[in-house]
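Asks: got a predicted structure plus its sequence, pasted below:
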Amino acid sequence: HWEIINEHDIRRKDKGTQYGKALAAACKAIRQEDPNAVILYGGLASTFPKYIDDSLKECPTANFDIMNFHCYPAPNPPENIIKQRVDILKESMKKSGQMKPIWLTEIGATTPPKYSGFNVIKKAVEKLGLSGRKIACIKEKFSNSYDMAKSLFPESQKIRKINYSNIPKLTPDYVLVLPSGQIFPKKYSQDIANFILAGGAVIHSGGFPFYFDMNDPKGGAVGNATLNMFGANLLPHWQIDPNMPSRVTLSKTKSKIFESADVSDITALRCFDYNTKMLPPNSAMIPLIQMEVDGKTLTPAAAYVIGANKGVFISVACNDGTFLSEEAQAIMLARNYLYALGTGIEKVFNYNFRSHEEVSNYEGHFGIVRKDLSEKPSFDVFKNLVKLIGKNTKIVYQDCGAYCRADWVSPEGKNVCALWCKDESKKVYVKANGNFDILNLRGKTIGKIRAAAGTKIRCRISQSVRYFVGAKIDSVTLIKKPEPSNSVDK
């Protein structure tokens, strides 16, 4: 097998023609040496339609064997993100004249126990006297900042886990620790601003905060709008200087660090500049990290103290994506495989098996086992998937609106039905023509159903996959009215 350049589209979305020429030359050379070689289109980091179309004009799909892409959906449900990318690939291949099997050669989620920039954030927390406050974190869908909150505030006896919709209910004596990354539900932008303006504190790490709307399926950019609501402002490199690099290695640039904090956990910082352009009266911005880039002084990490109520916003623009908890990683892993294999993707490669815990905080924790080979929850989930699916098993996926369903026959000849919700938990009736067992995400039996054929079993399903193994599941229906007398709870 030959893959021609990995993630060749990164920062080159307008260079599809160039890649297509390189791919065509590589295909020709490989075929001359080995006509039976399997050639993969290089794994795409994103799926910009024009880039793909331009590349296939230079090297049509007839020249290679496998279309190939990568996908890191967190914190969004994976089903919609994978579908969007596959639809784009299929449309581009259709234009090119020949459909090819699709491989997903990288998918996964990282689970660092702390924010990048943890130490400098901790210094700011201590300086601003936030340690004695009540602590809240986000726990919704795949967004979970509990581990970050616990690491920053180990003395806190209780960390309140809330949904984004609960932000308006937070009193100003709270510190809200946000999930890492650049995604936030835009409809709660004013709520987060009101919380800070009232005297609340918010902590963030990872890129441009609030930049993308979590609820926009196309990932619409919000930009500075949310930051500006409470007086913060962030200039990105493309607005400072189009020729400025997007990120720099902190150790290789001249920098000034707040209270000499240890920043060895920060491998790279985005070339962003927090500033005071929108700062309201009675406010201040405290630079946490300043660095020299192309003769300009940038502040990619800062603490804002806003207005008479002394609201606080702390942020470090690390070159990081979204972090998940280990439990959320496990839930996403099962759904990645079931959706991808159930919708016709031929092969799926989880990134990766072992966390190396090096290079960067973000890159170091993708494994389903840790560096010391101790197992994360994802390891059991993966092992259970291998047992239930086996090799070359056909999975049939159905998007049922409020929930998802995947069906197949296991290597042992047993019917398997997997059920899960994209978002909130649901109650359903499950009706089978015989006995079956209910297994949790890790394969542990949590119920043995021994009921007459046609009996409706009342179940709750959630974001975490449940497996129904044994008799074929005839139907699954949402509960919308009082239960009949012939139903059984489970």
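Replies: Structure received. Numbering: from 1, shown residues only.

Asks: ok, Val396 - how many residues close by?
Replies: By other CB atoms under 10 Å, the residues close to Val396 number 11. No exception for glycine: its C-beta is placed from N, CA and C like everyone else's.

Asks: oh sorry, the question was meant for Ser55
Replies: If we define neighbours as other CB under 10 Å, then Ser55 has 27 of them.

Asks: packing partners for the helix or strand hosting it?
Replies: According to DSSP states H and E, Ser55 maps onto helix 49-58. Packed against helix 49-58 by the contact rule (3 or more CB pairs under 8 Å, 6 or more residues apart in numbering; DSSP states H and E) you find helix 16-33, helix 78-96.

Asks: chain center to the next helix or strand after it: distance?
Replies: Going down the chain from helix 49-58, the next helix or strand is strand 67-71, by DSSP H and E. Centre-to-centre, strand 67-71 and its host chain are 16 Å apart (CA atoms, centre = their mean, to the nearest Å).

Asks: avg pLDDT for strand 67-71?
Replies: Average pLDDT, strand 67-71: 97.

Asks: ok, back up a step: deepest in the core, which of the helices and strands packed on helix 49-58 is it.
Replies: Counting by mean count of other CB atoms under 10 Å, helix 78-96 has the highest mean neighbour count of those, with a mean of 18.

Asks: tell me the mean pLDDT for that helix?
Replies: What helix 78-96 shows for mean pLDDT is 96.

Asks: between that helix and helix 49-58, how many degrees?
Replies: Interaxial angle, helix 78-96 versus helix 49-58 (axes from the mean of the first three to the mean of the last three CA atoms, to 10 degrees): 40 degrees.

Asks: just the CA atoms of helix 78-96, as PDB, please.
Replies: Taking Å, rounded to 0.1, in the frame of the first residue of the first chain, the C-alpha atoms of helix 78-96 are listed here in PDB:
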ATOM      1  CA  PRO A  78     -19.300  12.300  15.200                       C
ATOM      2  CA  GLU A  79     -22.100  11.100  13.000                       C
ATOM      3  CA  ASN A  80     -22.900  14.500  11.400                       C
ATOM      4  CA  ILE A  81     -19.200  15.500  11.000                       C
ATOM      5  CA  ILE A  82     -18.200  12.200   9.300                       C
ATOM      6  CA  LYS A  83     -21.300  12.400   7.000                       C
ATOM      7  CA  GLN A  84     -20.500  15.900   5.900                       C
ATOM      8  CA  ARG A  85     -17.000  14.900   4.900                       C
ATOM      9  CA  VAL A  86     -18.000  11.700   3.200                       C
ATOM     10  CA  ASP A  87     -20.700  13.400   1.200                       C
ATOM     11  CA  ILE A  88     -18.100  15.900  -0.100                       C
ATOM     12  CA  LEU A  89     -15.700  13.100  -1.100                       C
ATOM     13  CA  LYS A  90     -18.500  11.200  -2.900                       C
ATOM     14  CA  GLU A  91     -19.500  14.200  -4.900                       C
ATOM     15  CA  SER A  92     -16.000  15.000  -5.900                       C
ATOM     16  CA  MET A  93     -15.400  11.300  -7.000                       C
ATOM     17  CA  LYS A  94     -18.600  11.300  -8.900                       C
ATOM     18  CA  LYS A  95     -17.500  14.400 -10.900                       C
ATOM     19  CA  SER A  96     -14.100  12.700 -11.500                       C
END
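
Asks: start the count at 10, not 1, going forward
Replies: Let's use 10 as the start, then, which means that last one is helix 87-105.

Asks: what's that helix in contact with?
Replies: Defining contact as CB atoms under 8 Å, 6 or more residues apart in numbering, one finds that helix 87-105 is touched by 53, 56, 58, 61-62, 65-66, 69-71, 76, 78, 80, 82, 108-109, 111, 113, 116, 226, 341, 344-345, 348-349, 352, 354, 408, 413, 431.

Asks: what subset of those residues is buried?
Replies: Buried subset of the contacts of helix 87-105 (neighbour count, 16 or more other CB atoms under 10 Å): 53, 56, 61-62, 65, 69-70, 76, 78, 80, 82, 109, 111, 113, 116, 341, 344-345, 348-349, 352, 354, 413, 431.

Asks: now the helix holding Ser64, how far from the centre of its chain.
Replies: Distance of helix 58-67 from the chain centroid (CA atoms, centre = their mean) equals 27 Å.

Asks: try stretch 203-213
Replies: 25 Å.

Asks: also stretch 335-355?
Replies: Its chain's C-alpha centre and that of stretch 335-355 lie 12 Å apart, by CA atoms, centre = their mean.

Asks: which residues in the stretch 360-499 of the chain form helices?
Replies: 386-398 (DSSP state H, counting those that start in this stretch).

Asks: again with the stretch 110-259 of the chain
Replies: Assigned by DSSP H, counting those that start in this stretch, the helices in the stretch 110-259 of the chain fall at 127-136, 155-161, 198-206, 234-238, 246-249.

Asks: could you pull up phi and psi at Pro84?
Replies: Dihedral pair for Pro84: phi -90, psi 10, per degrees, to the nearest 10.

Asks: residue contacts, it?
Replies: 150-152, 188, 190, 192, 223, 331, 333.

Asks: now tabulate the helices and strands packed on helix 58-67 in a markdown table and tack on distance to Gly373.
Replies: Formatted as a markdown table, the helices and strands packed on helix 58-67 follow (distance: least, CB to CB, whole Å):
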| stretch | distance to Gly373 |
| --- | --- |
| helix 25-42 | 29 |
| helix 87-105 | 22 |
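
Asks: do you know which of those helices lies nearest Lys435?
Replies: Lys435 lies closest, by CB to CB, to one member of the helices and strands packed on helix 58-67: helix 87-105, at 15.3 Å.

Asks: so for the residue lying closest to Asp303 once chain neighbours are set aside, what pLDDT did the model give?
Replies: The shortest distance from Asp303 to any non-neighbouring residue, by CB to CB, 6 or more residues apart in numbering, is to Met253 (5.5 Å). With respect to pLDDT, Met253 scores 95.

Asks: Gly410 too?
Replies: On pLDDT, Gly410 comes in at 91.

Asks: next one: Tyr173
Replies: 95.

Asks: what's the local residue count around it?
Replies: Using other CB under 10 Å, Tyr173 has 19 neighbouring residues.
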